[in-house]
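Engineer: Just need the structure, nothing else, for what follows:
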Amino acid sequence: MLKTLISISLTFFLIITFPIMILSSFMGFISETIATSATCIAFLSMYFGFAFLLFKIRLDKKLFLKISISLFALSLISTVISVSLIPSEDTNNKFGLKSVYTSDNKPIFCLITKLIREIDQVKFGSTLIPFADEFIDKEKGARLKNYIIEAYTDMQSYSDFVNVGSVTHHALFEILGAKFDSGHIYVYTPEHDETEKLPVILFLHGSLGNFKVYPWVLKQFADKYKYAIVVPTHGEGNWDLNNGVSVIERARDYCVNQSNMDENRIILVGLSNGGLGITRTAMKNPEYYQGLIYISSILESNLISSDKFLNNLKEKPILVIHGTKDERIPKAMMDDAIDILNANQLNSKIKYFENEDHFLFLSKKDELLDLMYNWIEGK
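Structural biologist: Residues are numbered from 1 along each chain as shown. Prediction:
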């Protein structure tokens, strides 16, 4: 009876974890890091260890028991390796990147984003995205993956970026309907004299969550032009929902309370869905921000044509950066939005990148960052 019960339980376990076994196999195959590979080996060894244990119970072969024990031992060793490589997440860096929690909510802990490195999470996602996104075919997906891997590979040489943990699980928690707002922000501070007050780029991430590649790209801007970078996390990136404006205001309050940040020189920048947050925040408190920058962003005609937007943003400088080949937010849609701004004589400027798609933040990062700085400085 006990033997039958154990057999049924093992069979059920192997069936329900079969999809995870397939994903682990694929993740391990494409992995760029030892930590992720060790995690995948640990799970696969455990899975097949139970499989051979089941064979032992059903077929009563001692060889299967020996194989099972060997696989469990390998799983244990791989788990120890994986756990030992979890980043320290030292957030007390004087300069560089750190994670900050600005609310009283406890940080959301998710073991999987510690054991699976963000570079591998993003590579995995970019490999599958052509099968799930109507705007990205295999060619565009391969191009996007190359840009992502290049950025994350360069990032691996900087311990502060490696050690600061991933927060991609916040997006997953929002999708699952769980609580995801822990008041998290990434803060990057370039080396500077402690008496200096740095201007700030307050950056709103796009859909699918807050990735470390965002502060990494902006690091170049921060180092070159001596800006602080503040990147709040808002789940999946639905800034028009779930108190998105409050999250932005909380990030701005953080800047105001820092002795080395200039509250009068905060530029609000949004990528893609981040544009939803820019518009709503600027309509509420335009005086808080020196200027607004929309990058491959949504500009909602119903909001930017409203009296509240037009009256509050009459003198506020606005920069719109977009790719002419952006299929997700077509150029025709952006032209209509720009016509509204121009017709109402707002202080706006549009810069189109020819033949660039929705991912020019990565593909044209050098030109983009210089464009941003020259616009801010009025050049």
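Engineer: What helices and strands are in contact with the host helix or strand of T153?
Structural biologist: Element membership for T153 (DSSP states H and E) is helix 138-155. Packing partners of helix 138-155 (3 or more Cβ pairs under 8 Å, 6 or more residues apart in numbering; DSSP states H and E): helix 118-128, helix 213-225, helix 360-363. Yep, even glycine has a C-beta here, placed from its N, CA and C like the rest.
Engineer: Show the average pLDDT along that helix.
Structural biologist: Mean pLDDT, helix 138-155: 89.
Engineer: next one: it to chain centre, how far?
Structural biologist: 14 Å (Cα atoms, centre = their mean, to the nearest Å).
Engineer: Buried residues of the next helix-or-strand element following it, list them for me.
Structural biologist: The helix or strand immediately downstream of helix 138-155 is helix 159-163, counting by DSSP H and E. Buried residues in helix 159-163, counted by 16 or more other Cβ atoms under 10 Å: D160, F161, V162, N163.
Engineer: what residues go with each domain of the chain?
Structural biologist: Per the record, the chain has its domains at 2-84, 96-376, by automatic domain parsing.
Engineer: just to revisit the earlier point, return the member of the buried residues of helix 159-163 nearest to N257.
Structural biologist: Using Cβ to Cβ, D160 comes nearest to N257 of those, at 21.7 Å.
Engineer: is it true that the closest one touches L97?
Structural biologist: Yes. Contact status for D160 versus L97: in contact at 4.6 Å, counting by Cβ atoms under 8 Å.
Engineer: buried residues in the helix holding T153?
Structural biologist: If you call a residue buried by 16+ other Cβ under 10 Å, then helix 138-155 has these buried ones: K140, G141, R143, L144, K145, Y147, I148, A151, Y152, M155.
Engineer: For M261, give me phi and psi.
Structural biologist: As for M261, its main-chain torsions (degrees, to the nearest 10) stand at phi -120, psi 140.
Engineer: pretty sure it contacts V200?
Structural biologist: Yes. Judged on Cβ under 8 Å, M261 makes contact with V200 at a distance of 5.3 Å.
Engineer: picking up where we left off before, need the buried residues of helix 159-163 in TSV with distance to S297, can you?
Structural biologist: What follows is the buried residues of helix 159-163, written out as TSV (distance: Cβ to Cβ, whole Å):
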residue	distance to S297
D160	28
F161	25
V162	30
N163	31
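Engineer: Out of those, which comes closest to A132?
Structural biologist: The closest of the buried residues of helix 159-163, once distances to A132 are taken by Cβ to Cβ, is F161, at 27.6 Å.
Engineer: where's that closest one relative to G141, distance?
Structural biologist: As judged by Cβ to Cβ, to the nearest Å, F161 and G141 stand 25 Å apart.
Engineer: what do you get for L271?
Structural biologist: 19 Å.
Engineer: quick one: pLDDT of K106?
Structural biologist: On pLDDT, K106 comes in at 61.
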